[in-house]
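Enquirer: Predicted coordinates and the sequence they were generated for:
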Amino acid sequence: MPEPIEGAVFPRNIENFSRVMPSENEKEEKTSFAEHLMDALSDVNEKQKDADQASEDLVTGDLDNMHDLMIKTQEARLALQFTVQTTNKVLEAYEELSRMQI
Amino acid sequence: MSLFSAFNISGSGLTAEKLRLDLIAGNLSNMNTTRTPQGGPYQRRTAVFAEQLNEAQQRGAGRTAGAGAEVGGPGPAGQSYDSPGSGVRVDRIIPDPNEPRQVYDPEHPDADEETGYVEYPNIEVAKEMTDMITAQRSYESNSTAVNTAKDMYMKALEIGQ
Amino acid sequence: MPVSNDGVIGLFNRGLDAASLRQDTTANNLANLNTPNFSRSHVSFEDNLRQAMEQEERPSIRATHPQHFGVPDPDEVEPRVEVDDQSVKRIDGNNVEMEKEMLNMVKNQLKFNAMSDQTSQRFNTWEYIINEGR
């Protein structure tokens, strides 16, 4: 069995092609929720900028493909929902915790 | 490749074939026209098509202008592009170079005084009809392409709904 | 961020790009059905992608040095328009066959629709997971 190459991911089928899980060497330890939230918000921002650019391209006539715009719009929307939902859940948990102190 | 390039390309095909049909109709209706404002009988007309190059191809063609760049082929075989050509255009409308038909009819007003022959256009119905069917089938295929492109666009609009 | 990292959606996106380009290419072939000396074109993408993905599963072929000859990364395979000069030409130098182009167009449309639907389904699933998951 040859030595696996460091940092590489070998997909076995189309599901693994998504590379959703980073390899060991790439994963960093995130300790605080604040850091996760900042990452999520910057991702939402990026996605929204992409979607806005595609929308602008549609109006000016620079857009190459309609499906491009639709996919970017959806991704931006879902990124925002994910961030909002995650934040809600954490806040709920925090409130529940703070109620426990007597 | 712009958003509606599929429509523009197919549209160019529709325009070109429609022009060809118009020329054929003109040829058929003037089959027996012996007198024209230019003098002489009506001359059969045909269209010569050429590929409409897209912008990148036009730049390339400008650098290596030769016989191949003028009529037809998009470029050297095997060359890859990010987009195909932009459809078809009518390069020129040429009169038929063949000699007119000569019909002996001294009584005819347009008969030549000395020989008695009248010059008729060199147009055959069978040939024109064949061309017409070809043009029509081509027109229909371009029309189908327009509908297909539209169907795909509408489908893409439904993503995420 | 699960949706952004979903490679399958990215894959569909590129598949849709290829199908879109194929429609343009087929339209160009059909428009030039009667153009003298015209050679048809086709889009190559799926075969290149499949090769790149298969190669990726066999690490021994991977290039370990940037200057070695390597196989393309599946993420970098792009749709390409290639001229087909080899098909049999008619007397006018044109090699476009209308029936063949029409058939390709139908197949391409069905594939485009399928990928489009699947993308929608995938987004819907993500939305469900994000909003309803506990």
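Expert: Perfect, I can see it now.
Enquirer: The longest helix along chain B close to chain A?
Expert: Longest helix in chain B by number of residues (criterion: DSSP state H): helix B:125-157. Yes. On the criterion CB under 8 Å from any CB of the partner chain, helix B:125-157 is in touch with chain A at B:153, B:156-157. Just so you know, the C-beta spots here come from the backbone N, C-alpha and C atoms, and that holds for glycine as well.
Enquirer: any idea which of those residues has the most stuff around it?
Expert: residue B:156 (23 neighbours; other CB atoms under 10 Å in any protein chain shown).
Enquirer: need the strands for chain C, in chain order.
Expert: C:41-44, C:80-83 (DSSP state E).
Enquirer: Please identify the most buried of those.
Expert: Ranked by mean neighbour count, the strands of chain C are led by strand C:41-44 with a mean of 21 (mean count of other CB atoms under 10 Å in any protein chain shown).
Enquirer: ok, and what's touching it?
Expert: B:74, B:81, B:84-85, C:18, C:21-22, C:25, C:28-29, C:79-84 (CB atoms under 8 Å, 6 or more residues apart in numbering or on different chains).
Enquirer: what do you get for stretch B:24-32?
Expert: B:42, B:44-45, B:120-121, B:123, B:125, B:128, B:131-132, B:135.
Enquirer: Kindly provide the distance from the closest residue to residue B:137 other than its chain neighbours to residue C:104.
Expert: Of all residues not flanking residue B:137 in the chain, residue C:98 sits nearest, at 7.0 Å (CB to CB, 6 or more residues apart in numbering or on different chains). Distance of residue C:98 to residue C:104, computed by CB to CB, to the nearest Å: 11 Å.
Enquirer: if we can go back for a sec, by contact count, what packs against the longest helix of chain B?
Expert: helix A:66-100, helix B:5-29, helix C:7-31, helix C:98-132 (3 or more CB pairs under 8 Å, 6 or more residues apart in numbering or on different chains; DSSP states H and E).
Enquirer: which is the next helix or strand following the second one?
Expert: Which is helix B:5-29. strand B:45-51 (DSSP states H and E).
Enquirer: Quick one: check that next one for contact with chain C.
Expert: Yes. Strand B:45-51 reaches chain C (CB under 8 Å from any CB) through B:48-51.
Enquirer: Would you mind giving me the ChimeraX syntax to select the buried ones in these?
Expert: A single ChimeraX command suffices to select whichever of the residues of strand B:45-51 next to chain C are buried according to 16 or more other CB atoms under 10 Å in any protein chain shown:
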select /B:49,50,51
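Enquirer: Relative to chain A, which of the residues of strand B:45-51 next to chain C is nearest.
Expert: Nearest to chain A, judged by CB to the nearest CB, of the residues of strand B:45-51 next to chain C is residue B:51 at 21.4 Å.
Enquirer: just checking, the closest one touches residue B:88?
Expert: Yes. In this structure, residue B:51 is within contact of residue B:88 by CB atoms under 8 Å, at 6.1 Å.
Enquirer: Now do the shared contacts for the two.
Expert: Counting by CB under 8 Å, 6+ apart, the contacts common to residue B:51 and residue B:88 are C:32, C:35.
Enquirer: ok, back up a step: are any of the contacts of stretch B:24-32 buried, and which?
Expert: So, by 16+ other CB under 10 Å, the buried ones in these are B:42, B:44-45, B:120-121, B:123, B:128, B:131-132, B:135.
Enquirer: Need the max-distance pair from the residues you listed.
Expert: Farthest-apart pair in these is B:120 and B:135; separation 24.0 Å (CB to CB).
Enquirer: now the helices and strands packed on helix B:125-157 in JSON lines, with mean neighbour count?
Expert: Below are these laid out as JSON lines (neighbours: other CB atoms under 10 Å in any protein chain shown):
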{"stretch": "helix A:66-100", "mean neighbour count": "17"}
{"stretch": "helix B:5-29", "mean neighbour count": "20"}
{"stretch": "helix C:7-31", "mean neighbour count": "24"}
{"stretch": "helix C:98-132", "mean neighbour count": "16"}
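Enquirer: and of these, who's closest to residue C:39?
Expert: helix C:7-31 (9.3 Å).
Enquirer: chain center to the closest one, what's the gap?
Expert: 6 Å (CA atoms, centre = their mean, to the nearest Å).
Enquirer: residues in chain A within reach of chain B, list them.
Expert: So chain A meets chain B at A:58, A:61-67, A:70-71, A:73-74, A:77 (CB under 8 Å from any CB).
Enquirer: Quick check: the gap between the residue most central in space within chain C and residue A:59.
Expert: Residue closest to the mean C-alpha point of chain C, counted by CA atoms, centre = their mean, is residue C:18 at 3.4 Å. Using CB to CB, residue C:18 is found at 26 Å from residue A:59.
Enquirer: go on, residue B:34?
Expert: Distance of residue B:34 to residue A:59, given as CB to CB: 58 Å.
Enquirer: Of these two, which one has the most company?
Expert: Neighbour comparison, residue B:34 and residue A:59: the larger count goes to residue B:34, with 19 against 8 (by other CB under 10 Å).
Enquirer: isn't that one right up against residue B:41?
Expert: Yes. Contact criterion CB under 8 Å: residue B:34 and residue B:41 qualify, at 5.0 Å.
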